[in-house]
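Asker: Structural data only, the sequence is not supplied:
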DNA sequence: AACTCTTATCGTATATCTACGATTAACGAT
DNA sequence: ATCGTTAATCGTAGATATACGATAAGAGTT
């Protein structure tokens, strides 16, 4: 039962933590950047850009998809990934509100 | 060698991922909020607020400290934690710049 | 049908995270 | 000096994460 206490936290905190978790690996940060830079959504080109094996990249893409930050549509023999701009907008706002909340504090020690 | 490929990513991505990792658990999000809400830095009151054991809270505090988001000074028998506002500011800016970068994309699929 | 290319998934090894009880360390109070 | 309080650390168990090779699944091509 080591990983089940998260349910006892506020839903907002859980959601924020999930989004943060999606960004908690440089590979996934890089993937999002690549998806943003190319206008059209690409597929396996991500594998060429990253220093990781194809299976590993697929796993990271799945993580981003599970977090809702990325959309994937099966398009013939190749998959098409692109950013989920609405979800990213929500994540951005949540992060912003979170940091705003923290900003009201004054350092003391 | 499963966890060593991170070195091959840009330093900015690694730093962003580290900050995100610090926020990637609802307990740590809650801890930061508590530290922000109370004007003065508190110590073991965090344990009372969170649904976790003292040892676990101490671990989460250490994670936040390692990420640089929190400062701790040993003050007599009790420890005094407070937010590292400069680091939080940098994290905030990095996150903001990151989301700005993503915003230039247009959804396609 | 057989082949090729692309991507997802499986299986696996290792590393890290999460959580807790127990112990230790540090300090103030008695 | 002893006691009590507070918090860090140790040890440990179980769950996730990370990474890869190997394999499977899907669609187009020959």
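Answerer: The structure has been received and is ready for your questions. Note that the structure is predicted; figures quoted are calculated from it, not measured.

Asker: Which other helices and strands does the helix or strand containing residue A:90 contact?
Answerer: Here residue A:90 sits within helix A:85-103, counting by DSSP states H and E. Packed against helix A:85-103 by the contact rule (3 or more CB pairs under 8 Å, 6 or more residues apart in numbering or on different chains; DSSP states H and E) you find helix A:11-22, helix B:26-37, helix B:85-103. Every residue, glycine included, has its C-beta placed from N, CA and C.

Asker: Nearest to DNA strand D, out of the ones you listed?
Answerer: helix A:11-22 (6.2 Å; CB to the nearest atom of the strand).

Asker: For that closest one, the averaged confidence score.
Answerer: For helix A:11-22, mean pLDDT is 98.

Asker: near DNA strand D at all, that helix?
Answerer: Yes: judged by CB under 7 Å from any atom of the strand, helix A:11-22 comes into contact with DNA strand D at residue A:21.

Asker: Indicate whether that helix makes contact with chain B.
Answerer: Yes: applying CB under 8 Å from any CB of the partner chain, one finds helix A:11-22 touching chain B at A:13-14, A:16-17, A:20-22.

Asker: Mind picking the two most distant members of the residues you listed?
Answerer: Farthest pair in those (CB to CB) is A:13 and A:22. Separation: 15.2 Å.

Asker: Name the residue in the two with the higher neighbour count.
Answerer: Between residue A:13 and residue A:22, counted using other CB atoms under 10 Å in any protein chain shown, residue A:22 has the larger neighbour count: 24 against 21.

Asker: Disregarding residues adjacent in the polypeptide, which is nearest to the more buried one?
Answerer: Ranked by CB to CB, 6 or more residues apart in numbering or on different chains and with sequence neighbours excluded, the top spatial neighbour of residue A:22 is residue A:67, at 3.6 Å.

Asker: And for the one you found, the neighbour number?
Answerer: 19.

Asker: Chain B versus that one, what's the distance?
Answerer: Between residue A:67 and chain B the computed distance is 11 Å (CB to the nearest CB, to the nearest Å).

Asker: hmm, back to that, and the angle from the helix holding residue A:90 to helix B:26-37?
Answerer: 40 degrees (axes from the mean of the first three to the mean of the last three CA atoms, to 10 degrees).

Asker: buried sites along helix A:85-103?
Answerer: A:85, A:87-88, A:91-92, A:94-95, A:98-99, A:102 (16 or more other CB atoms under 10 Å in any protein chain shown).
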